[in-house]
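> What shape does this take:
(chains A and B)
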Amino acid sequence: MRLNEKIIRYIYIITFTFLTLTGFAQMPIFKRYHIADIPGLGWLAQFYITHAMHYIFAVILIGLSTYICVDYILNKPQGYTITSRVYAKSIIILGLIITGGLMVFKNLSGTPYSPFMISLLDLSHLTLCMALLFYFILLLGRSVRFY
Amino acid sequence: MGHAITRRSFLKGTLTAAGSIAATSSVARAAAAMDKGEAIATLIDISKCVGCEECVHACKEANADKYPKPQKPFPKMYPKGVKAEDWSDKTDVIDRLTPYNWLYIQSATVDMNGETKELTIPRRCMHCTNPPCVKLCPWGSAIQLDNGISRIDADICLGGAKCQTVCPWLIPQRQTGVGLYLDILPAFAGNGVMYKCDRCYNRIAEGKVPACIEACPENVQTIGPRDEILKQAHELAASMNGYIYGENENGGTNTFYVSPVPFDKLNSVIEKGKGKPHLAAVSESMGTGDKLAMAMLIAPIAGVVGAAARFYNMSKKES
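Have a look, this model is predicted:
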């Protein structure tokens, strides 16, 4: 694995870890289940902190995903084939970015969505996140490629 | 027994009728604003409030149907230490916000022009223009209507109280033993439903004014299109050499308090605590998120530029 790929892989792992943590932290569960009481994890119960962190890692995910897609189109690396698994994962990530982007737009002032739309986006984002976690769990122990 | 008409009750009735007429015309303007998709706002003139609590009782009466009717005993919740919040035996509490009391009168004793004066302040949800309770609710149970009113849908709310935590004034109040969580995993997720002032959204939709405004004998509150009400608030503040609260707090709200006394002075003397909101300055809660949202627009451009730069470098090396 080339240095460039290694760096991207580690950035992806860190980004997904924090996106998942800060995403689940949007629900009031870490305080209830005393996870935020563990020394060093108190920030998980600070909604404004986890909200800002989720946005920051989303910025990194969007930037990195765009980089990888454009890089693949421009450089067409020899010997790389896109498997159905990678297609499935890419669709899930794209879905997360789209639903997340719409939720970010919803959070701006003066953009009231209908209650149905808000619930639909929330549930879609959560379902896609669970699907991606399930995908990673299925591939645990194998040679997982994150992109 | 006959109902004697005293001078006080006659004056009160007359003032209420006058107030109703004024309120009706203002709600007509508010209705017109709503038709245009504009937000409505309320001006609260603290100097007029006499603390009679008519608004508090009117609110309780008008919203009685929306109050929680919890099932008892409450389901056990895990882990142990998760506390039930039960106000169903204290429905007559009116000196703070509760699930059964969405408006209360806060009092402040202050020195004004060398005189000691007691000011009374009706307190309820401020109905922020960019409400964090609505924006950050993980289930979409807190919603903002086109007219700027924010309210909590009791049929969807799970009672996690995130809305209370993110509210700069900690306004929403929880009642355990009621709501959707009872049908999902009552032991492990949720803890009831959150309640707060919904600006009598159903009355407004019918062309009426909120109950607290209608009942006020002193015309403390004025409702109407936000721009118009804000202009009135500034005129009123200028006329009494007073101060405005709610215009810039949390990035702007749809409630403007006008007081002859500075709000930091009022804040230092009012009783604050659970269900008793402060009057301190509040920075925009959603401001950081809004700035980061802009960065999200730049992220894909950065990605494209990075990949193009790599492609250029590789092409250069190859040639």
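> quick one: contacts for residue A:28?
Contact partners of residue A:28, counting by CB atoms under 8 Å, 6 or more residues apart in numbering or on different chains, are A:45, B:138, B:160, B:161, B:162, B:165. (C-beta placed from N, C-alpha, C; glycine too.)
> okay, now the third one: neighbour count?
The reference is to residue B:160. 24 (other CB atoms under 10 Å in any protein chain shown).
> For the nearest residue to it once chain neighbours are set aside, which three-state class applies?
Leaving aside its sequence neighbours, residue B:160 sits nearest to residue A:28 (CB to CB, 6 or more residues apart in numbering or on different chains; 3.9 Å). Three-state assignment for residue A:28 (DSSP: H, G, I helix; E, B strand; the rest coil): coil.
> before we move on, back to that, farthest pair in the contacts of residue A:28?
Greatest spacing in the contacts of residue A:28, by CB to CB: A:45 and B:138 (13.7 Å).
> Can you report how many residues neighbour residue 79?
No chain was given, so I picked chain A. Around residue A:79 there are 4 residues (other CB under 10 Å).
> Chain B is the one I meant
There are 10 residues near residue B:79, going by other CB under 10 Å.
> just residue B:69 next, same as before
For residue B:69, using other CB under 10 Å, the count is 9.
> can you check residue B:291 too?
11.
> Which positions in the stretch 51-200 of chain B make contact with chain A?
Residues of the stretch 51-200 of chain B found near chain A (CB under 8 Å from any CB of the partner chain) are B:79, B:81-82, B:129-130, B:135-136, B:138-141, B:143-146, B:153, B:156, B:160-162, B:165-166, B:189.
> How about the stretch 101-250 of chain B: which residue is closest to chain A?
residue B:140 (3.3 Å; CB to the nearest CB).
> That residue contacts residue B:157, doesn't it?
No: under the contact definition of CB atoms under 8 Å, residue B:140 does not touch residue B:157, with a separation of 9.9 Å.
> mind giving me the domain ranges of chain A?
By the assignment in automatic domain parsing, chain A contains the domains A:1-79, A:81-147.
> On the pLDDT front, check the residue nearest to residue B:160 for me.
We have a pLDDT of 94 for residue A:28.
> All the strands of chain A, in order from the start?
In chain A, no strands are found when defined by DSSP state E.
> Quick check: which ranges of it have low pLDDT?
Low-confidence segments of chain A, defined by pLDDT under 70: A:1-3, A:112, A:141-147.
> need the helices for it, in chain order.
A:3-24, A:47-75, A:84-107, A:115-138 (DSSP state H).
> could you dump these to TSV with mean neighbour count?
Below are the helices of chain A laid out as TSV (neighbours: other CB atoms under 10 Å in any protein chain shown):
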stretch	mean neighbour count
helix A:3-24	16
helix A:47-75	19
helix A:84-107	16
helix A:115-138	16
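> quick one, which of these is nearest to residue B:318?
Nearest of those to residue B:318, taken as CB to CB: helix A:47-75 at 10.8 Å.
> how big is the angle separating that closest one from helix A:3-24?
Put simply, helix A:47-75 runs at 150 degrees to helix A:3-24, going by axes from the mean of the first three to the mean of the last three CA atoms, to 10 degrees.
> Figure out how far helix A:47-75 is from the centre of its chain.
The gap between where helix A:47-75 is centred and where its chain is centred comes out at 8 Å by CA atoms, centre = their mean, to the nearest Å.
> And the residue of the stretch 101-250 of chain B closest to chain A, which helix or strand is it part of?
Assigned by DSSP states H and E, residue B:140 belongs to no helix or strand.
> The helix or strand hosting residue B:296 near chain A anywhere?
Residue B:296 is part of helix B:287-318, with elements assigned from DSSP H and E. Yes: judged by CB under 8 Å from any CB, helix B:287-318 and chain A are in contact via B:288-290, B:292-293, B:295-296, B:298-300, B:302-304, B:306-308, B:310-311, B:314.
> in chain A, what residue is nearest chain B?
Counting by CB to the nearest CB, chain A gets nearest to chain B through residue A:66 (2.8 Å).
> For that residue, which non-adjacent residue is closest in space?
residue B:303 (2.8 Å).
> The one you found - how many residues pack around it?
Count around residue B:303 with other CB under 10 Å applied: 20.
> Spatially nearest residue to residue B:53, not counting backbone neighbours?
Nearest residue to residue B:53, sequence neighbours excluded (CB to CB, 6+ apart): residue B:105, at 5.7 Å.
> Check residue B:86 too.
Per CB to CB, 6+ apart, closest to residue B:86 is residue B:176, 5.8 Å.
> Show me the strands in chain B, by range?
Under DSSP E, chain B gives strands at B:40-45, B:104-112, B:115-123, B:142-144, B:150-152, B:173-175, B:193-195, B:221-225, B:243-245, B:255-259.
> just to revisit the earlier point, the helix holding residue B:296 to helix A:3-24, inter-axis angle?
170 degrees.
> Buried residues of helix B:287-318, list them for me.
B:289-290, B:292-293, B:295-296, B:299-300, B:302-304, B:306-307, B:310 (16 or more other CB atoms under 10 Å in any protein chain shown).
> Throw those into TSV and include pLDDT, thanks.
Converted to TSV, those look like this (pLDDT from 0 to 100):
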residue	pLDDT
B:289	92
B:290	90
B:292	93
B:293	92
B:295	88
B:296	91
B:299	94
B:300	94
B:302	94
B:303	93
B:304	94
B:306	91
B:307	90
B:310	87
